[in-house]
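Visitor: sequence plus the predicted model coming up.
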Amino acid sequence: MERGEMDGNRLREYAGLIVVALLGSTAAGAQTFENDSGGSARFYGQFSPSYLSFDDGEKTTGNPVDNSNSNTRLGVVISQPMPDGDLVFTFETGLGLRQSALVSQTTTPPALDWRRTALRRLELAYTAGFGTLAIGQGFMATDNVATLDPTGTALVVSVGVSDAAFAFREESGALSDIRVVDAFKDFDGGRLFRIRYDTPTFSGFSAAASYGRNVLAEDDDTDYYDIALRWSGTHGDFALAAAAGYAWESEGESRAPGVRPGDVTTNERFSGSFSVLHTPTGVNLSGSAGGDPDGGSYGFVRAGWVDDLIAQGPTAFAVSYYGGRDLATENSSSEGVAIAAMQTFTDLDVYLGYREYYYDDDAASYQDASKVFVGARYRF
């Protein structure tokens with residue numbers, strides 16, 4: 001799509017999916033069923049339609065998409081009290097709508113294409129006095145350690161990028177091989193088939209460790225390990241939170257006959273974040289940092305304000321800055337500035353965000369890029 005041009009067929013296509021999803025969510029709703037022994041089954045979900053417009057300096061590409069920061073999903077949580085704890089089964093899946101992180105100048109995925117990688121959670125967890133032990137598809141220990149956000153605006157403008165697949169355009173006019181996600185990383189954890197242990201919380205502190213494999217991807221023999229530490233508390237009128245994590249990945253079968261230790265590749269990363277909220281005024285500050293001990297690193301800071309400007313729910317505003325070094329290539333630099341606004345109602349969030357990107361390396365000169373992201377999230 002050229003600058004300023006809107007693809008009517010795509011909009012009509014996605015509008016149809018919106019109607020179907022809304023009708024389905026209205027019929028299903030968030031429902032909880034209980035049994036006589038204290039157990040329950042809770043059905044839930046959310047719908048995240050949005051519109052993403054990306055300007056690479058020469059061409060504007062716009063698409064109706066599903067927000068990859070918090071995608072459309074359905075789930076059920078089945079819990080059952082046990083003599084010494086609680087047993088919980090969780091199933092959660094995305095619906096396969098077109099993800100904002102997969103759209104680019106040259107690629108527009110189908111509006112609806114469910115694949116097994118849309119499976120978010122399929123896990124069994126047991127919580128008792130010793131903490132929580134979980135096994136199955138779910139969050140690794142370092143998931144969300146880099147993304148603490150007291151404003152809620154991470155839904156529209158986060159440390160991570162929702163327009164990950166777009167490429168920077170060189171001054172010559174050619175699209176480069178450098179994508180937004182290559183130059184703007186958050187080194188946060190993700191979801192895998194894993195075993196995870198979380199300690200109980202002591203004076204606001206908790207720790208977690210996990211080991212996992214990416215069973216939803218083909219030909220991935222990588223072993224994933226990570227550890228994380230979290231804390232939250234209050235000091236006077238301030239609500240405080242912090243998190244940090246370290247992760248490493250081992251690629252190759254070091255235990256296989258004939259394979260030398262040198263054939264195993266180990267990748268490491270670290271990340272962390274903090275947030276401070278002044279509860280009487282809603283003024284807040286958060287930051288994040290991370291990197292690869294052998295490669296690039298980044299820093300991120302966000303200032304915001306949250307207040308009940310209307311009776312229906314809080315209104316949030318935020319501005320942020322991202323700076324990275326050596327992330328895409330050696331001697332490269334990445335900068336991003338953003339502004340976001342979000343209005344929360346009882347079950348609905350509506351948002352608008354704008355972000356500018358600046359990238360530079362030794363290989364070429366690149367045009368500045370920007371995105372506009374507008375949408376809503378309905379929870380049921």
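Guide: That came in fine, so what should we check first? Numbers count the residues shown, from 1 in each chain.
Visitor: which residue comes closest to the most centrally placed residue in the chain once chain neighbours are left out?
Guide: In the chain, the residue lying closest to the centroid (C-alpha atoms, centre = their mean) is Asn69, at 4.5 Å. Sequence neighbours aside, Ser162 is the residue nearest to Asn69 in space, at 5.0 Å (criterion: C-beta to C-beta, 6 or more residues apart in numbering). Placement of C-beta: from N, CA and C, glycine included.
Visitor: spit out the contact partners of that neighbour.
Guide: Taking C-beta atoms under 8 Å, 6 or more residues apart in numbering, we find Ser162 in contact with Leu52, Asn67, Ser68, Asn69, Ser100, Ala101, Val156, Phe373.
Visitor: out of these, who's nearest Arg230?
Guide: Nearest to Arg230, judged by C-beta to C-beta, of the contacts of Ser162 is Asn69 at 20.6 Å.
Visitor: can you report phi and psi for the closest one?
Guide: Phi and psi for Asn69, reported as degrees, to the nearest 10, are phi -70, psi -30.
Visitor: quickly note the distance from the residue nearest to Asn69 to Ala101.
Guide: 6 Å (C-beta to C-beta, to the nearest Å).
Visitor: any residues in contact with both of these two?
Guide: With C-beta under 8 Å, 6+ apart as the test, Ser162 and Ala101 both reach Ser68.
Visitor: wait, Phe130 sits on Asp198?
Guide: No - counting by C-beta atoms under 8 Å, Phe130 sits too far from Asp198 to count as a contact (10.0 Å).
Visitor: among the contacts of Ser162, which lie within strands?
Guide: Mapping those onto strands (DSSP state E) picks out Leu52, Phe373.
Visitor: by pLDDT, rank the contacts of Ser162 and give me the bottom one.
Guide: Minimum pLDDT across the contacts of Ser162 is recorded for Val156, with 91.
Visitor: wait, that residue sits on Asn69?
Guide: Yes - contact criterion C-beta under 8 Å: Val156 and Asn69 qualify, at 7.2 Å.
Visitor: quick revisit: neighbour-wise, which of Phe130 and Asp198 wins?
Guide: Asp198 (20 against 13; other C-beta atoms under 10 Å).
Visitor: what sits against the more buried one?
Guide: Gly131, Thr132, Ala134, Ala141, Ser206, Ala207, Ala208.
Visitor: nearest to Gln105 among the residues you listed?
Guide: When these are compared against Gln105 (criterion: C-beta to C-beta), the nearest one is Ala141, at 35.7 Å.
Visitor: count the neighbours of the closest one for me.
Guide: With other C-beta under 10 Å as criterion, Ala141 counts 25.
Visitor: tell me which two of the contacts of Ser162 sit farthest apart.
Guide: Ala101 and Val156 (13.7 Å).
Visitor: Val181 - how many residues pack around it?
Guide: Neighbours of Val181 (other C-beta under 10 Å): 17.
Visitor: not counting sequence-adjacent ones, nearest residue to it?
Guide: Closest to Val181 by C-beta to C-beta, 6+ apart is Ala164, at 3.6 Å.
Visitor: in a strand, that's where the one you found is, yeah?
Guide: No - with DSSP: H, G, I helix; E, B strand; the rest coil as the criterion, Ala164 is coil rather than part of a strand.
Visitor: and it, how far is that from Gly313?
Guide: From Ala164 to Gly313 the distance is 30 Å (C-beta to C-beta).
Visitor: neighbour count winner among these two?
Guide: Each of Ala164 and Gly313 has its neighbours counted (other C-beta under 10 Å); Ala164 has more, 19 against 16.
Visitor: who's in contact with the more buried one?
Guide: Applying C-beta under 8 Å, 6+ apart, the residues near Ala164 are Ser68, Ala101, Leu102, Arg179, Val180, Val181.
Visitor: which SS class is the last one?
Guide: Val181 falls in the helix class when you classify it by three-state DSSP.
Visitor: is it true that it touches Phe168?
Guide: No - between Val181 and Phe168 there is no contact under C-beta under 8 Å: 11.2 Å.
Visitor: would you map the helices across this structure?
Guide: Ranges of helices within the chain are 8-28, 180-183, based on DSSP state H.
Visitor: just give me the lowest mean pLDDT stretch among the ones you listed.
Guide: Averaging pLDDT over each of the helices of the chain puts helix 8-28 lowest, since it has a mean of 47.
Visitor: name whatever forms a beta bridge with the residue nearest to Ala247 when sequence neighbours are not counted.
Guide: Closest residue to Ala247 apart from its sequence neighbours, by C-beta to C-beta, 6+ apart: Asp226 at 3.6 Å. According to DSSP bridges, the partner residues bridging Asp226 are Ser210, Ala247.
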